[in-house]
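K.L.:
what's the 3D shape of this:
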Amino acid sequence: MSIFARRCGTATCEVVVADITTLAVDAIVNAANGSLLGGGGVDGAIHRAAGPQLLAACRKLGGCATGDAKITLGYDLPARHVIHAVGPVWHGGRSGEDEALASCYRRALQLCRQHGLASIAFSAISTGVYGFPPERAAPIAVAACIDALRTAAPVDRVVFCCFSEPSAALHRAALAAALD
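P.N.:
The predicted structure follows:
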């Protein structure tokens with residue numbers, strides 16, 4: 001696994017191409033739907049890897065609004081927790097999609113702070129079946145995380161876990177542009 005890393009204040013921000021369900025971090029971020037009851041893509045993969053206890057825990061959360069996030073244990077995952085972030089469905093970019101996407105990243109880092117978690121791995125929220133253009137999403141994700149890290153102590157490691165090399169290239173470019 002190739003890792004691209006940069007210092008983001010007191011934290012390290014990394015870009016990797018990997019299966020997020022294999023990462024041993026304090027929390028992974030699930031690109032969830034509003035029901036939090038599983039679905040396709042990364043959401044389904046996380047639910048399968050975590051085991052049936054994750055679904056049982058999510059049932060108790062009562063869903064989640066777009067732009068928000070909720071936390072559960074990680075169960076059978078190497079990650080101790082799963083943060084379920086509900087990203088926006090792309091409607092052309094004039095329906096508040098950018099702000100809702102940024103909110104997912106900020107809320108996930110707020111949950112880390114509230115729960116004393118130091119490391120987090122993000123999937124590329126909303127860029128799959130929700131249709132958010134990846135080239136637009138990557139800079140929003142990076143900027144929201146860098147901004148939120150100013151108040152997200154004790155977070156000291158942020159991983160942008162990409163499923164493909166093209167997604168990783170977008171995140172590397174966004175990270176380099178934001179920090180150089």
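
K.L.:
and the biggest helix by length in the chain, how far from the chain's centre?
P.N.:
Ordering each helix of the chain by length in residues (DSSP state H) puts helix 97-115 first. On the basis of Cα atoms, centre = their mean, to the nearest Å, helix 97-115 sits 9 Å off its chain's mean C-alpha point.

K.L.:
List the buried residues in it.
P.N.:
97-98, 100-112 (16 or more other Cβ atoms under 10 Å). No exception for glycine: its C-beta is placed from N, CA and C like everyone else's.

K.L.:
Just the mean pLDDT for it, thanks.
P.N.:
Helix 97-115 carries an average pLDDT of 97.

K.L.:
I'd like to know which elements that helix is packed against.
P.N.:
Applying 3 or more Cβ pairs under 8 Å, 6 or more residues apart in numbering; DSSP states H and E, one finds that helix 97-115 makes contact with strand 27-32, strand 69-73, strand 81-86, strand 119-122, helix 134-149.

K.L.:
Residue nearest the middle of this protein, spatially speaking?
P.N.:
For the chain, the residue nearest the mean C-alpha position is Phe122 (2.8 Å; Cα atoms, centre = their mean).

K.L.:
Report the contact partners of it.
P.N.:
Phe122 makes contact with 28-29, 105, 108, 141, 145, 158-161, according to Cβ atoms under 8 Å, 6 or more residues apart in numbering.

K.L.:
on that earlier part again, now do the longest helix of the chain and strand 69-73, the angle between them.
P.N.:
Relative orientation of helix 97-115 and strand 69-73, computed by axes from the mean of the first three to the mean of the last three Cα atoms, to 10 degrees: 40 degrees.

K.L.:
how about the buried residues of helix 97-115, which pair is most distant?
P.N.:
In those, two members sit farther apart than any others by Cβ to Cβ. They are Glu97 and Cys112, at 23.7 Å.

K.L.:
low-scoring stretches of the protein, by residue?
P.N.:
Applying pLDDT under 70 to the chain flags residues 1.

K.L.:
do that again at 80, thanks
P.N.:
Across the chain, the ranges flagged by pLDDT under 80 are 1-2, 152-153, 180.

K.L.:
Does Thr22 touch Pro78 like I think?
P.N.:
Yes: contact criterion Cβ atoms under 8 Å: Thr22 and Pro78 qualify, at 6.5 Å.
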